[in-house]
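Requesting a structural model of the entry that follows:
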Amino acid sequence: MGEKTSKWLRYGICFVLISALCWLFPYTGDDWAWGSQIGIDRLNSWFANYNGRYLGNIFVLIMTRSNVIKTLIMALCLTGTVYLGEYITKKKYAFYVGCVSLALIPKLILKQAVVWTAGFSNYVTSLFLTMIFIAYIYPIFEKNMPKRKIWHCIPMFVLGVANTLIVEHLTIYNVVVAVAVIGYTIFVHRKVIASHVAYATGAVAGAWYMFSNEAYHTIANNEDGYRQMAEGGVVSRALTNYVEVIVKHLVLNNVWINLLILAVCMILLQQCFDKEKQNSKIRFLANGCVGVMAVFNVWALLSSFGISTFAKQNRLLYIEALLATIYVLALLVFSVLVGLAQKKLWHLLFWNLSIICVAAPLLVVNPIGERCFFVTYIFFVMLLLELMGQIQKEVLVQFFTGKMFRNACVCIALAGLAFYLNIFSSIYEVDHARLARIQRQVAAGKTSVEIIHLPYESYLWTSTPEMEPWIERYKLFYGLPENLELKAVWEYTKKK
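Next up, the predicted model:
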């Protein structure tokens, strides 16, 4: 079997397996609104004073009207993200690392960004489209940059607009990177690439259109009942967001990725900073960085698995915020040292700075959810892949490109898939059974019925309508009578 055929087979199998899982994801929470007349009303007003996520809103409107379409879009974006990781790094092992990373994604990010359709339509689609842009511009970090055709300007302009009409922090990221890319090519390659300029123009135009929505004026003035910006002062809001939310989802809960990054950094420490190659100050700094990473990993393991987030006292939260800050800085410094030693500075710096750039806007808005950190999780995976690419070929072959590594990754990914298939197949069965029971009782003339909670609700976002507006939206989505009373229960009342 040829290499190309093998590659298509790998991704074909990946797409099918992910599709099987995504088919089982139920519609929950805001999905009921988007999939009902409420979503149509929002579209008819062109989302006036709602938000500027015009493309993301269109995605969710489509995905909540067909489980087939929803499944295909989800599988395409997730499989495509894995593919783009391999395309960008030019390493076959990126496929296996990408599959493992999806299997080990933190639970809170999984339920809000992947399983929840309304979350997926914004946070995963925006990441996938942004990765297409990154794949296009990434070769600028090579010595000889490939030539770009003038006709690329049209699709790149369209992509620039699209990438800035889905979710706000990635809108800002795309504008910043688009402008930075032009500056980099001017100063390093002494060139201006027309397609890069076209993308930047589209990104700026899209960002202007997004933030011209009246909703952001309301949010900026703290007049929105749900969303606020820097309420109580910029510094106070930033500190609160960072300590209470960002630290946890940006780095602390990424236990497995952190451990893999540490393992690769330990290999690179031995490879790049031995006594013969580097002076004592650089060796000391590199050792210190890896030491910080090791300490943080131990703390993260104990914190993530040993203490509930809600049980943490303020002192512990501030200590973890300090440790997380030092960890991110240590990883950044170590990446710079490795990049200088391997002449791959900008490759490694790009992902470190991208993580910081994406997370920075989250400091001044409220509320922020776990779904916002799907993109930083994937960027950490890309940083891991780029660090792996700096390992010497003989070591790389020994540990990361042999059959043992591939088989281990396949086993981990399939074990994760089997686990999630068990979880979500149970959810799927109960979700359909409870709806069928409600419809039978409505047909029998009942005006008050019980709706049972779904199993494994910790993997779902607002999965059972217990109060308004969720009860109204659930009835609208499934075409149930307006006057029907829904009573959420954990077990159905037994007949006497």
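
C-alpha from now on. contacts and neighbour counts both.
OK.

residue contacts, residue 165?
52-56, 171, 206-207, 209-210 (CA atoms under 8 Å, 6 or more residues apart in numbering).

That one: which element?
Assessed by DSSP states H and E, residue 165 sits outside every helix and strand.

Now do the SS call for residue 432.
Under the three-state scheme (DSSP: H, G, I helix; E, B strand; the rest coil), residue 432 adopts helix.

Then residue 286 would be within a strand, right?
No. Residue 286: not assigned to a strand; according to three-state DSSP it is helix.

tally of neighbours for it?
Residue 286 has 27 neighbouring residues, counting by other CA atoms under 10 Å.

Low-confidence ranges, the chain, go.
Residues of the chain meeting the criterion pLDDT under 70: 1, 224-232, 275-278, 307-311, 398-399, 401, 495-496.

ok, 90 please
Where the chain drops to pLDDT under 90, the residues are 1-7, 92, 143-147, 217-238, 270-283, 303-316, 364-369, 391-406, 493-496.

in what helix or strand does the spatially most central residue of it lie?
By CA atoms, centre = their mean, the mean C-alpha position of the chain lies nearest to residue 374, the distance being 1.7 Å. Element membership for residue 374 (DSSP H and E) is helix 374-388.

Neighbour count added to the contacts of residue 165, as CSV?
Listed next are the contacts of residue 165 as CSV, based on neighbours: other CA atoms under 10 Å:
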residue, neighbour count
52, 27
53, 22
54, 22
55, 21
56, 24
171, 27
206, 26
207, 25
209, 16
210, 24
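
Which ones among those map onto helices?
Using DSSP state H, the subset of these located in helices is 54-56, 171, 206-207, 209-210.

Tell me the one of these nearest residue 238?
Sorting these by how near they are to residue 238, with CA to CA, puts residue 171 at the top with 19.6 Å.

which residues touch the nearest residue in space to that closest one that is not next to it in sequence?
What sits nearest to residue 171 in space, not counting adjacent residues and going by CA to CA, 6 or more residues apart in numbering, is residue 164, at 4.2 Å. By CA under 8 Å, 6+ apart, residue 164 lies in contact with 170-172, 174-175, 203, 206-207, 210.

What of residue 239?
Here residue 239 is in contact with residue 363 (CA under 8 Å, 6+ apart).

swap in the one 3 residues further on?
The contact partners of residue 242, taken as CA under 8 Å, 6+ apart, are 321, 363.

State whether it is indeed within a helix.
Yes. Judged by three-state DSSP, residue 242 forms part of a helix.

Torsion angles phi and psi at residue 46?
Main-chain torsions, residue 46, degrees, to the nearest 10: phi 50, psi 40.

check contacts around the closest residue to it other than its chain neighbours.
Leaving aside its sequence neighbours, residue 46 sits nearest to residue 54 (CA to CA, 6+ apart; 8.0 Å). By CA under 8 Å, 6+ apart, the contact set of residue 54 is 46-47, 165-166, 210.

From the residues you listed, pick the one nearest residue 489.
residue 47 (34.8 Å).

so that closest one is in which element?
Residue-wise, residue 47 maps onto no helix or strand under DSSP H and E.

same deal with residue 328?
Going by DSSP H and E, residue 328 is in helix 314-342.

buried sites along that helix?
317-318, 320-321, 323-324, 326-339 (16 or more other CA atoms under 10 Å).

so how far is it from its chain's centroid?
21 Å (CA atoms, centre = their mean, to the nearest Å).

swap in stretch 283-300?
That offset, for stretch 283-300, works out to 26 Å (CA atoms, centre = their mean).

Same check on stretch 37-50?
Averaging C-alpha positions (CA atoms, centre = their mean) puts stretch 37-50 26 Å from its chain's average.

same thing with stretch 460-476?
25 Å.

now do the same end-to-end measure for that stretch.
20 Å (CA to CA, to the nearest Å).

cool, and stretch 34-49?
Using CA to CA, the two ends of stretch 34-49 sit 16 Å apart.

Contacts for it next, please.
Applying CA under 8 Å, 6+ apart, the external contacts of stretch 34-49 come out as 33, 50, 54, 60-61, 64-65, 213-216, 473, 476-477.

Helices along the stretch 151-300 of the chain, start to end?
In the stretch 151-300 of the chain, the helices defined using DSSP state H, counting those that start in this stretch lie at 153-163, 168-189, 194-211, 214-220, 234-241, 247, 255-272, 280-306.

wait, which of those helices is closest to residue 393?
helix 255-272 (11.3 Å).

That closest one - contacts with which helices or strands?
helix 280-306, helix 314-342, helix 374-388 (3 or more CA pairs under 8 Å, 6 or more residues apart in numbering; DSSP states H and E).

picking that back up, and the residue nearest to residue 46, how far is that from residue 64?
Per CA to CA, residue 54 is found 16 Å from residue 64.

give me every residue that touches the residue nearest to the centre of the chain.
109, 113, 123-124.

Narrow these to those in helices?
109, 123-124.

can you map out the strands along the stretch 351-496 of the chain?
365-366, 448-452, 485-489 (DSSP state E, counting those that start in this stretch).

Okay, now the sheet partners of the last one, with direction.
Put plainly, it is strand 485-489. Its sheet considered, strand 485-489 pairs with strand 448-452 (parallel) by DSSP bridges.

Alright, that wraps it up for me.
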